[in-house]
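Undergrad: pasting a predicted model and its sequence here:
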Amino acid sequence: MTLVQNFPFFSIILAMFSGILSSVLSGKQARNLSLAALVATMVMSAAVLAYCLGAGESYTYMMGHFPAPWGNEIRAGVLEGLTALLFSMIMLLSVAGGMRYTFEDVEASKVNLFFIMIDLMLSSLLALIYTNDLFTAYVFVEINTIAGCGLIMIRQKGRSFSAAIRYMIMSQLGSGLFLIGLTLLYDVTGHLLMSPAKAAVAAIEAAGSYEIPMLVILAVISVGLAIKSGLYPFHSWIPYTYGYATPTASAILSGLVSKGYIFLLIKIFYRVLGQENVIASRMVNVLFLFGLAGMIMGSVHAIMETDTRRMIAYSSVAQIGYIYMGIGLGTENGMIAAVFHMFTHSATKALLFISAVGLYEVSGEKKDFRSLRGAGYRNHLAGIGFTVGALSMVGFPMLSGFISKLLFATAALQTPHKMMLTLIGLAVSTVLNAIYFLRLVITLYGRGEASQLRAQGTEEGLFGTGEASREAFSGRKSAPTVFGGAIICFILLNLFLGLMSQPVVRAIAAGLAMFD
Amino acid sequence: MSRRRDNYENSRWRRFKRWLEGEIDPLTEGGVGLSKAPSSTAASLEGTDRGREPEEDVALSPGDLEKDVALSPREPEKDVALSPGGTEPDTLPALREPGGRGLRLYRKFYQIMSIFLCLGIICVLLWTIAYLPAFGNAGNPDNNEVSARYIEKGLEETGAVNMVTGMILDYRAFDTFGESCVLFIASCCVLVLLRIDDDGGSGDAEKRKREANDRVFEPKNDIILQKCACVLVPVIMVFGIYIILNGHLSPGGGFSGGAVLGSGLILYLNAFGFQKTEQMFNGRTYRRITVSALTFYCLAKSYSFFTGANHMESGIPLGTPGDILSSGLILPLNICVGLVVACTMYAFYTLFRKGGI
């Protein structure tokens, strides 16, 4: 066993250990430790990815002295390495980009607690990605849920408490259903590790016994994880959660946490229940329909919204719908498109949340999107970042959103009975996306309403004349370099996913093939 | 908060009191008090329906209001929730207004549908159970090679007489580490929520601290409690330590022993007050113990995982099964888990009581 193969384990333990240590450190030290852990995780995930691509196969890693059916185990392959790499990168950029706002939003003596949440969130995401054991997955789902609640409520202002309570209730409902599913699965298979459980499931399917329990298991696990990732009818917590948390938390929760659950669901489909059984049970059709509904309804809600951050949050509902629609196509290509869109959405949504806060800051911190008029001129980088993110979500060529839409459409062409629905859904949803995202972008670069702005300004007592207002803005315009750097990295990541998608798509295909 | 106090004249408790004193007759007066009910609440309800309210302002959704009532310590109407007539949240009157009819219907519909949904899920799950293998049958799928090896070779491989401990702290130690981290992060969340810190001179924190602090009522000097505690606390402590140390030999272990230890600490605190307890256990002790226990767990298990995965000998002697000093890492790990659990319990109690450890 080479050193590289230890890296998945190292990265999980490193994240947990830095979380534990952070509780005795000061806020600044905890921040440095957390950033160091994120960078180390990124490097190690890249090494794992390179190793798996080179070796062309996945490997399992024993957590302890006992082999598979007895002890815990983690597993690393191309898809795991790639996901871990992108997730840690996006998390690092979100933490860095929202850093200043974190220190403003969080009480000074509680900053280290914030970074404990970040570290443990990272460890749980990594564990969800790498796990090869169903119960380990559940334990880390729990950590993920609690850390998510902590990240939301640490702002301790306004509605963040009620947002955290909403999140907790819905999330616990999802965890509970997931746990019921695992219990039933253990009862009929007798295994918690994925590989032996899959063998047992195959035997059960071959013998035709336990037909009804298997169906219920599939339904309960899918619904549980769908609730936790915010599929359409279970989306009610999303606008609150993403809209009222501190920017870093919003970016991480929308960009990564929901994707972690989707990744776990895909992994369970492939590695435990068997993708062909899932397709045969028609569960995919249910996910497909809810995904389609989410694509349309999420965008409709977003159009009716005027609060920018809630608008972005509703757009998440639509994008999660896309991912489930891809899973619901029930083909190899559909799944590849879903996974690719998962990456696209994490990179783009985090960028949108981070740059939105930069725009707010120069517009008097008002929630209404109309107050952002001309904000793109006052904070150039944030404006460009937001524009890139919005265009990517709409599906502008050269950006990652375009590629994922292309992949979805191509995948749809290969599934005759779902083709029309998918294509119509994609078209309608793209138009709706364009309506609200372009409205935002046009607002950002709108001119000629200076008088209105000034009137608003005097009303607020913020600035007297136009000149004064410009001064007030320019005083704050000099965005700190970290924020700017994070935005630039996000844009580059989006461009990378958009322009050089082929290696990523090939890696996803190879990774999915390794799942079997 | 203050808005709620303005409505005191209209509150149920006040009306109840007036009725008691014979000032009004609720049957004839009807819903006078109710129809005058806070118009601001109604306005805020409409506001939230549109979902366009700025965030930090006064407009709270009904859920928020109820929560505030439940949380706020200095609420004059706190008694309302306790008085027999006051079980209904006070935000309801707003719904009784003519304009709230649609809302009321929706509420009814919502309640009925949620009951049906729950019943549906219960039925489906019960129906599923009928198809599961019968409980305790020897031929069940879960009586497979996994449990067979745990039972037959567990003692030899882990050195723990208590098989359950062997499983959770050796075969599946990674999961247990995750569980201790769940406890750790849960206590961190409670710290975020309830710890009151000095925030650089603004009087707010100081005020909140004074409000949350109930030390002014101490010392209680309840003789009966103190005498009982004198007898019980040492026994409880010793018993907790026994459960933890014998975790690998007899039923018990870190989680249960830690809970016993924690309850012993809480009993001592209740009997003798914060001043005495803090001589031996304060916030700093709490942090030190938790961090060192979790750090030890992390490092020890990392070593064990690393050697295991790379097929190296760990070199940790298992000892003679049945001895106190046996079964390798299990005993120290049990102690770590026990300490973490005890500290977490005590921290929860003190945070909920006075907003600081």
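TA: Perfect, thanks for sending it. Residues are numbered from 1 along each chain as shown, chains lettered A, B, ... in the order given.
Undergrad: remind me which residues of the stretch 301-450 of chain A are low pLDDT?
TA: Where the stretch 301-450 of chain A drops to pLDDT under 70, the residues are A:448-450.
Undergrad: quick check: residues of it near chain B?
TA: Taking Cβ under 8 Å from any Cβ of the partner chain as the contact definition, the stretch 301-450 of chain A meets chain B at A:Glu305, A:Thr306, A:Asp307, A:Arg310, A:Lys366, A:Lys367, A:Asp368. Where C-beta positions appear, they are placed from N, C-alpha and C, glycine not excepted.
Undergrad: what's the neighbour count on the last one?
TA: The reference is to A:Asp368. Using other Cβ atoms under 10 Å in any protein chain shown, A:Asp368 is surrounded by 12 other residues.
Undergrad: could you give the bridge partners of it?
TA: Beta bridges link A:Asp368 to A:Asp307, judged by DSSP bridges.
Undergrad: can you tell me the closest non-neighbouring residue to whatever residue of the stretch 351-500 of chain A ends up closest to chain B?
TA: Distances between the stretch 351-500 of chain A and chain B by Cβ to the nearest Cβ are smallest at A:Lys367, namely 5.3 Å. Once flanking residues are discounted, A:Lys367 sits nearest to A:Asp307: 4.4 Å by Cβ to Cβ, 6 or more residues apart in numbering or on different chains.
Undergrad: returning to that earlier point: for the residues of the stretch 301-450 of chain A next to chain B, which PyMOL command selects only the ones that are buried?
TA: Per 16 or more other Cβ atoms under 10 Å in any protein chain shown, the buried members of these correspond to this PyMOL selection:
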select buried, chain A and resi 305+307+310+367
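Undergrad: which one of the residues of the stretch 301-450 of chain A next to chain B is nearest to B:Glu145?
TA: Nearest to B:Glu145 among those, counting by Cβ to Cβ, is A:Arg310 at 52.7 Å.
Undergrad: the closest one sits in which helix or strand?
TA: Element membership for A:Arg310, per DSSP states H and E: helix A:308-329.
Undergrad: after the worst-scoring helix or strand of chain A on mean pLDDT, next one along is what?
TA: Ranked by mean pLDDT, DSSP states H and E, the weakest helix or strand in chain A is helix A:466-477, scoring a mean of 44. Going down the chain from helix A:466-477, the next helix or strand is helix A:481-499, by DSSP H and E.
Undergrad: I'd like the average pLDDT over that next one.
TA: Mean per-residue pLDDT for helix A:481-499: 91.
Undergrad: that one: which residues count as buried?
TA: Buried residues in helix A:481-499, counted by 16+ other Cβ under 10 Å: A:Phe483, A:Gly484, A:Ala486, A:Ile487, A:Cys489, A:Phe490, A:Ile491, A:Leu493, A:Asn494, A:Leu497, A:Gly498.
Undergrad: before we move on, what about stretch B:155-167?
TA: Result for stretch B:155-167 [16+ other Cβ under 10 Å]: buried residues B:Leu155, B:Glu157, B:Thr158, B:Gly159, B:Ala160, B:Val161, B:Asn162, B:Met163, B:Thr165, B:Gly166, B:Met167.
Undergrad: filter those residues down to the ones near chain A?
TA: Answer for these near chain A (Cβ under 8 Å from any Cβ): B:Glu157.
Undergrad: and of the buried residues of stretch B:155-167, the nearest to A:Leu231?
TA: Looking across the buried residues of stretch B:155-167 and measuring by Cβ to Cβ, the closest to A:Leu231 is B:Met167, at 35.5 Å.
Undergrad: isn't that closest one up against B:Gly154?
TA: Yes. Contact status for B:Met167 versus B:Gly154: in contact at 7.2 Å, counting by Cβ atoms under 8 Å.
Undergrad: quick revisit: the buried residues of stretch B:155-167 in helices, which ones?
TA: Among the buried residues of stretch B:155-167, the members falling in helices (DSSP state H) are B:Leu155, B:Glu157, B:Thr158, B:Met163, B:Thr165, B:Gly166.
Undergrad: between the residues you listed, which is nearest chain A?
TA: For those, the closest approach to chain A (Cβ to the nearest Cβ) belongs to B:Glu157, at 7.4 Å.
Undergrad: that older thread, and the residue of the stretch 351-500 of chain A closest to chain B, how close does it get to A:Arg310?
TA: 8 Å (Cβ to Cβ, to the nearest Å).
Undergrad: per-domain residue ranges of chain B.
TA: Split into domains by automatic domain parsing, chain B comes to B:2-96, B:145-354.
Undergrad: what's the least confident stretch among those domains?
TA: domain B:2-96 (a mean of 46).
Undergrad: next, A:Gly446: secondary structure please.
TA: coil (DSSP: H, G, I helix; E, B strand; the rest coil).
Undergrad: can you pull the phi/psi pair for it?
TA: phi -80, psi 140 (degrees, to the nearest 10).
Undergrad: give me the neighbour count for it.
TA: 15.
Undergrad: how about the helices in the stretch 301-450 of chain A?
TA: A:308-329, A:332-361, A:375-378, A:380-394, A:400-413, A:416-444, A:450-460 (DSSP state H, counting those that start in this stretch).
Undergrad: a markdown table for these, including distance to A:Asn132?
TA: Shown next, in a markdown table, are the helices of the stretch 301-450 of chain A (distance: least, Cβ to Cβ, whole Å):
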| stretch | distance to A:Asn132 |
| --- | --- |
| helix A:308-329 | 21 |
| helix A:332-361 | 18 |
| helix A:375-378 | 47 |
| helix A:380-394 | 33 |
| helix A:400-413 | 28 |
| helix A:416-444 | 32 |
| helix A:450-460 | 56 |
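Undergrad: that concludes my questions; thank you for your assistance.
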